[in-house]
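Novice: output the structure for:
(6 chains)
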There are 6 protein chains.
Amino acid sequence: MKIMVINPNSSEEMTHHLEKELTQIKRPDTELSVVCPSSGPISIESNYDAVIAASCMLPLVKEANTKGYDAVIIACFSDPGIEAAKEISDILVVGIQEVSLHVAAILGAKFTILTPLEKRIPAKEYEVRRYKLEQALASVRPLGMTVAETDANPAKTKARILEVAKKAVEEDGAEVIVLGCAGMVGYAAEVERQLGIKVIDPSSVTLKICEGMVDAGLKHAKRAFYATPPAKLFKGMGCNG
Amino acid sequence: MKIMVINPNSSEEMTHHLEKELTQIKRPDTELSVVCPSSGPISIESNYDAVIAASCMLPLVKEANTKGYDAVIIACFSDPGIEAAKEISDILVVGIQEVSLHVAAILGAKFTILTPLEKRIPAKEYEVRRYKLEQALASVRPLGMTVAETDANPAKTKARILEVAKKAVEEDGAEVIVLGCAGMVGYAAEVERQLGIKVIDPSSVTLKICEGMVDAGLKHAKRAFYATPPAKLFKGMGCNG
Amino acid sequence: MKIMVINPNSSEEMTHHLEKELTQIKRPDTELSVVCPSSGPISIESNYDAVIAASCMLPLVKEANTKGYDAVIIACFSDPGIEAAKEISDILVVGIQEVSLHVAAILGAKFTILTPLEKRIPAKEYEVRRYKLEQALASVRPLGMTVAETDANPAKTKARILEVAKKAVEEDGAEVIVLGCAGMVGYAAEVERQLGIKVIDPSSVTLKICEGMVDAGLKHAKRAFYATPPAKLFKGMGCNG
Amino acid sequence: MKIMVINPNSSEEMTHHLEKELTQIKRPDTELSVVCPSSGPISIESNYDAVIAASCMLPLVKEANTKGYDAVIIACFSDPGIEAAKEISDILVVGIQEVSLHVAAILGAKFTILTPLEKRIPAKEYEVRRYKLEQALASVRPLGMTVAETDANPAKTKARILEVAKKAVEEDGAEVIVLGCAGMVGYAAEVERQLGIKVIDPSSVTLKICEGMVDAGLKHAKRAFYATPPAKLFKGMGCNG
Amino acid sequence: MKIMVINPNSSEEMTHHLEKELTQIKRPDTELSVVCPSSGPISIESNYDAVIAASCMLPLVKEANTKGYDAVIIACFSDPGIEAAKEISDILVVGIQEVSLHVAAILGAKFTILTPLEKRIPAKEYEVRRYKLEQALASVRPLGMTVAETDANPAKTKARILEVAKKAVEEDGAEVIVLGCAGMVGYAAEVERQLGIKVIDPSSVTLKICEGMVDAGLKHAKRAFYATPPAKLFKGMGCNG
Amino acid sequence: MKIMVINPNSSEEMTHHLEKELTQIKRPDTELSVVCPSSGPISIESNYDAVIAASCMLPLVKEANTKGYDAVIIACFSDPGIEAAKEISDILVVGIQEVSLHVAAILGAKFTILTPLEKRIPAKEYEVRRYKLEQALASVRPLGMTVAETDANPAKTKARILEVAKKAVEEDGAEVIVLGCAGMVGYAAEVERQLGIKVIDPSSVTLKICEGMVDAGLKHAKRAFYATPPAKLFKGMGCNG
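Specialist: Okay, the predicted model is just below:
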C-alpha cells in the first residue's frame, strides 16, 4: 500500500526525522512518502500557525488523491486542517492525534496528554472535545519547555517527561501517556520501563493503525461531516483553491 | 468607537449588503468598517472553504489592530479562524456565531440553528460543542436549499424558514431560532410575528452586543487559549505570516 | 431607554452604592432606576434568603412592566427568582449572573467564580448548571470571608481576591474571573492589572450588555420556559399574587 | 415515627385527598400530618407560583422541626423551595420529585415524566438537571390537559396517560413512567397492567422510602449545600423571616 | 416480607457478620435470609473476581424467586452480576451500591466513595457511570489498605477512614461519604460525629430502603434492560444455566 | 504474530464461520486460532448469558498467555468479560465492540449500532457509555429479528439491515453503521454500496486493527483498571479460579 505522511509545518529537518522514524517501523509492503509543504510556518505552536499551515498543506492532500495513494496521515499532534483534508479527499485521511487518543482510550481507563507549554492546555482540551473523548481524559500536563528547548536539550526533556508523567499517574489517575509533540519522540520506551505505564508515540502508532485500516478497506464517511466541498470561485487562487 | 466587521468570504456583493444592514442599526457614536479579503472563496460552505477563508482574512485582523479599531467582528456564521484571530489580536474579537448562541441561551431554554443543507448538520453540532453550549441546543435543522438558492428565491426561503422553524419548535422544543446563514437575513421579524418565538439574526445582534462589550472595556483573555503566537519563520510568506 | 435595576435584598445602603456605580457607566440615553424591595432579607447568603427575597422582589418586576421600562436587571449574583421574574414579565429580564457567565465564556476558555464562603460552592456550581455552562467552569473558589467582612475590610478583601484569583489561574486553568458578590465590586481593574487576566464585575457588565440587548430589540422567549403563569387564586394575597 | 407531609399549595381539598391516599399506605407505626399553608397559590403551575408557594410553606418546615417530627415531605412534583427547606431544617426533608426520580433510575434504564402541559417541559428538564439525573431521562411528555381538566375529567385523563405513556415507551425508550402531577394520581396500577411497565406515583413512593430513610437514621448533609442560613434581619418580617 | 440478602463471595465468616449486622436493624415484620454461594472467590477485589462470583451467585437469585421471597439484595459494593440478576428475577433485585449512591445523591450535593486500594479507583468511577450518577461524584478515595488489612487492623482502619474522609470533604467538596467495602462497616457513626458529615453504610441503608420499596410494591422494569433472557442451551450446564 | 480469537459462546458452528471469515483477511504473517469454550450458552442475548459465557471463556484467555500468543480478540459484540480478561492477561486483549466503536468514531461524526431486538437497546447504550463514546452515538436501532431468524433468513436480514440503516442515516444523522451481531456479518459491502455510507463488520475490522496494535507493541495498561487480580482462594475451583 502507498501512504503519504504529511508533516504540516515547513521544516524539512523535522520531515527527515519523521521519515527516518517511520521507515524503520513500516510494513515491508508499505510504500511511504513523508513530505511537507514548501511554505508556511516552520513549527506549529498556536491556532494561528495551524490555520496557515493547513492552508499550505491542503494541496498535498489533493496530490495524494491523484497519485494513487491509499491513505494520508497528517503528522502534527494538533491535527491542523484535519476536517478540511477529509473533505477534499476520497482516500482515507487520519490525524496522529485522533488515532492516538482513540488507541489510548482502548488501552486504559484514562489518558494524559503531555504538551510543551502551559498556555497550550486549553487548546489541547478543546481538541479532545473535538474527538468526543473528554470522558477519557485524565489531564493535559505541560513540560514547561518550548519545542525548540525540547530539541536542544534531550536530557532535560527526558527528565521532564518522566517527572510530569509520574505526576499525571499519581495525581490525575492517568494510565496511558500520549506524547503530544514531535519534540518528545523517542522517549516512549524508557518512560514505559521506568514508570510501568503505557506511553504512546503518536506518529508511530498512527502508521501501524493506518496500515490496518487500509488493509480493512476503511475510509472516512463522505456523507455529511466530511462531504466533498461544492465547487466554487476562489478569488486570487483559481477555481476550488 | 471603531468596529471592523470582516466578512471572511471574498464576495463584495455580500459585504455591501452586510454594510447596509449594519449601518442602519449601529449606534450614532459607532464608526463601522465592513470589509472582506480580496482573495479566497466567494462563499463558505465547507470546512475547506473556512480554512482558506481564514488564512485570507487574518491580515485584516492585524490591520484592525494597527489602525485604531476597538473591536473586530467575524461575520460568517461558522466563525472561521476565530481562535487564530483572537490570538493575533490585542483588541476584542468576536464571532457572530459565538455571540448569537450565547445570547440565544440567555433568551430561552433551548435554541435551534437553521442551516442551508443537511450535510452541514454535523459541522454545526461540532461548532456548538466548540462553544460548550451543547446542553442548550435543541437541534440543527436544514432548509434543504443552497446559499445560492436562498439568494435567488426569497419567497421560497421565507416559506422554508417558517416551516422548518415551526418543526423545531413543535418537535425539538426550540424557544429561540438562530438564522445560521447570511442568506436567511431579513426574515427574523416576520418569523417572530408568525410563530410567536424569538429569532436571532446573528450579525445584527452581535453588533449591538459588541458595542456593549466595548463600552464595558471587555477584551478576550490573552493568558492561554488566545495567547499571542510566538514569532517564527513562515516560509514563502516572510516572518510571522 | 428605561432600565429598572432591582437589588433583590432590602438593603437601601447597598442599593445606593449600586446606583452610584451604574450611573457612572450607563449610556447617556439610558434612564436608570435602581430600586430594592422594602421587605425581605438585608442580604442574600442562602437559598432560604433567596426564596424570601424573590417573593418580595417580584412586585417590582410587575411595576417595571406597567411603567414603561424596557428591561429589568436582577442585580444579585445568585439571580434569585430569575425564572419567575421572566415568567411575569413581557419586557426583557436578565440576571447579572446569567449575563456575566455567558460573557465570561466568550472571553476565555474557562472561568472561575469567586464566592464569599466555602459553603456556598455547591450552590454556585448548581447555578452554573442552571445556565448549562458547566463545561466552561474552571472552579468556584471561596474568599473565606463573609459579606459583612468584605464590606468592613477592603484591604483584606483585595488581598484575598488577588490571592484566590491567582490560585484559580495557576491551579484550575481559569482565564476569566467572575466576582461573585457585591462585596467584591471595585477591585476588578486592579486584579486585571496585577494578574494579567480578565475580571468581570457582573453588575457593570450586565448593564452594558443589557443596553445592547434592548437596542437589538431582544426579549426572552415566552413560549414555554418563561410563559406567563395562568391566572389563579392566591389565598391571603388577592388574585395573582 | 412522625412525618409531616406538606402540600405546598393552599388547596385544602387537594390536601385532604393526599391525606386520604397516604394514610392508607403508611406503616402502622408512622404518625402522619398532612398540611398546607393558609396563604399562597391554590395550585402550582409556574415558577412564579412555586416561588410564592415556597415562601408561604417554609414556616411549616420550621414548625416540623420544633414539634418533634422526624421528617418532612414536600408533596408537589416541582419540589418548590426544596433547597431552602433543607437549609432551615435539622430533620430530614425530601421532595417527592427527587425521591421518585432516583427510585425510577434504580428500577429501569430510563424514565419518562408525564406533565400536564407542553409549556412545562423545559421546567421539568431543568429540574431533572437539578437532581443530576439527566443521563437517565428518556423524555418529558405532556398530557395536553390543565390540572383543572385532569381533575374534572378522569376518563379522559386515564386515556391520555395510557396513550402518552405508550408513546414514551415506544418512541423514547422509557422503562419507567413518573406521574408528574397530583391530577394523575390513582392511575398507576392500571397503566402498569395495561402497558406492562413500571409507573411511579410520587407521593406514595416517597412516603415509603422516607419511612425507610428515617428508620436508617438518614438526614441530609448540613455541611455546605444545605447549611443552616446565617441569622439576619428580614425587614417587615422580623428576624430570620 | 421476606428478603434474601446474598453476599456474592464465598466467605461464610463475612456472611455471618453481615447477617448479624442486618438482623439488628431489620423491621420486625421482615424475614431475612443472609446467604452466600458455596463456590467462587472468598473476596471480590477485581472484575475477574466479580465475574466468577456472579456466575456462582446467580442460582441463589433463582432460588429466591421460587421460594416466595419478596426481594433480593446483592450485598457486595461492586454489585457483581446485578444486571444479570435483575434479568432472571421477577421479584425486586437491588444492589447495595446502586441504592446507596442514589441515597447519597439525595442527601448532599456530592458524594465520595472510599475504596480499599488506589488501583480500584477506575473500577469505581466506571460503576458510578453505570448508574448515571457521575455528575454527583466528588471523588473516589483509596484507604491504601487491602480488605485483609482492614479486617486485621480496626484501629488503623478507623484512623484512615477519618483521614481520607476529611480530605474528601476539604479538597473534593464531598458532603456524603459512602463506605465502599465491607471491611469499613461499623465506623459510620463515629466518622459522622467527628467530621460532621453524612456517612453511608451501604448494606444497612439498602436494607431499610428495600423494605420501603417492597412496601410500595416496586419492582424493576422487565421491558428491556432487565428483560427475562430467552431460553437456550447452556452446554455442560443443562438448559438455561 | 499469533492471535487467539475467542468466540465466547459455545457454538462450534459459529466459531467455524468466524474462522473462515477471518482466515481470508488475516495478514500472511499472522497465525490465527479461532476457538470457543466447551461449556456455556450457545448464543449471547442477555447480560445473564454474558456473565455465564465470560466465566466459561476466561480459562482460554489464560491459555493464550501461556502458549505464546501475542494478542486475544474477544469476538462477541457485547464484549463479555472484557475487563476481567484484560486483568488476567499480560498480552493485549481487545473486544470487537470497543475497537469497532472507536474506529467508527474516527470515520464519521456519529455512528449507529444495529442490534437484533428492541429490548437490547439499553444494554447497547450502556456498553457505549462503558467505552465513554456516548457523544459519538447517533442511535441504537433494532432489526426486530432474533439471532436465529437472521441466521435462517438471509434475504429478510439484508432487507432489514438496509431499511434500518437508511433510517439511522436519515433520522438520526448516522454516518457510520456498526453491525452489532454475528448474524449480520457479510452484508457490509452491499449496504455501503446501496446507501453510500460506511458499514463496519466488527470482527474483520478488529482483526486488522489488532494486527497493527501488535506490530506497534501496544498492550493495555496494567496499572489500575486492568491490574492483575490478587491471588486468592476460589472455593470449589482451586486457587485463582
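Novice: around chain E, pick out the residues from chain A.
Specialist: Remark: the part of chain A in contact with chain E comprises A:Ala109, A:Lys110, A:Gly173, A:Glu175, using CB under 8 Å from any CB of the partner chain. Using the backbone N, CA and C atoms, a C-beta is placed for each residue, glycine as well.
Novice: so which of these reach chain D?
Specialist: With CB under 8 Å from any CB as the criterion, no member of the residues of chain A next to chain E is in contact with chain D.
Novice: show me where chain A dips below the pLDDT cut-off.
Specialist: Counting by pLDDT under 70, chain A shows low-confidence ranges at A:238-241.
Novice: now the one helix or strand A:Ala165 maps to: how far from the chain's centre is it?
Specialist: Secondary-structure assignment from DSSP states H and E places A:Ala165 in helix A:154-172. Taking the mean of its C-alpha atoms, helix A:154-172 sits 21 Å from the chain's own mean (CA atoms, centre = their mean, to the nearest Å).
Novice: tell me which helix or strand comes right after that helix.
Specialist: strand A:176-179.
Novice: elements contacting that next one?
Specialist: Contacts of strand A:176-179 with other secondary structure elements, assessed using 3 or more CB pairs under 8 Å, 6 or more residues apart in numbering or on different chains; DSSP states H and E, are made with helix A:96-107, strand A:111-115, helix A:154-172, strand A:198-200.
Novice: adding mean neighbour count and distance to chain F, write the ones you listed out as TSV.
Specialist: Formatted as TSV, the helices and strands packed on strand A:176-179 follow (neighbours: other CB atoms under 10 Å in any protein chain shown; distance: least, CB to the nearest CB, whole Å):
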stretch	mean neighbour count	distance to chain F
helix A:96-107	25	4
strand A:111-115	27	9
helix A:154-172	16	7
strand A:198-200	24	5
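Novice: can I get those in TSV with distance to C:Gly95?
Specialist: Formatted as TSV, the helices and strands packed on strand A:176-179 follow (distance: least, CB to CB, whole Å):
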stretch	distance to C:Gly95
helix A:96-107	38
strand A:111-115	37
helix A:154-172	35
strand A:198-200	45
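Novice: which one (most neighbours) among the residues of chain A next to chain E?
Specialist: The member of the residues of chain A next to chain E surrounded by the most neighbours (other CB atoms under 10 Å in any protein chain shown) is A:Glu175, with 27 neighbours in all.
Novice: just give me the neighbour total for the spatially closest residue to it that is not a sequence neighbour.
Specialist: Nearest residue to A:Glu175, sequence neighbours excluded (CB to CB, 6 or more residues apart in numbering or on different chains): A:Gly108, at 3.0 Å. Residues near A:Gly108, counting by other CB under 10 Å, number 25.
Novice: who touches A:Gly108 in this structure?
Specialist: With CB atoms under 8 Å, 6 or more residues apart in numbering or on different chains as the criterion, the residues that contact A:Gly108 are A:Ala174, A:Glu175, A:Val176, A:Lys198, F:His220, F:Ala221, F:Arg223, F:Ala224, F:Phe225, F:Tyr226.
Novice: most neighbours of all those, which one?
Specialist: Counting by other CB under 10 Å, A:Ala174 has the largest number of neighbours within the contacts of A:Gly108, with 31 neighbours.
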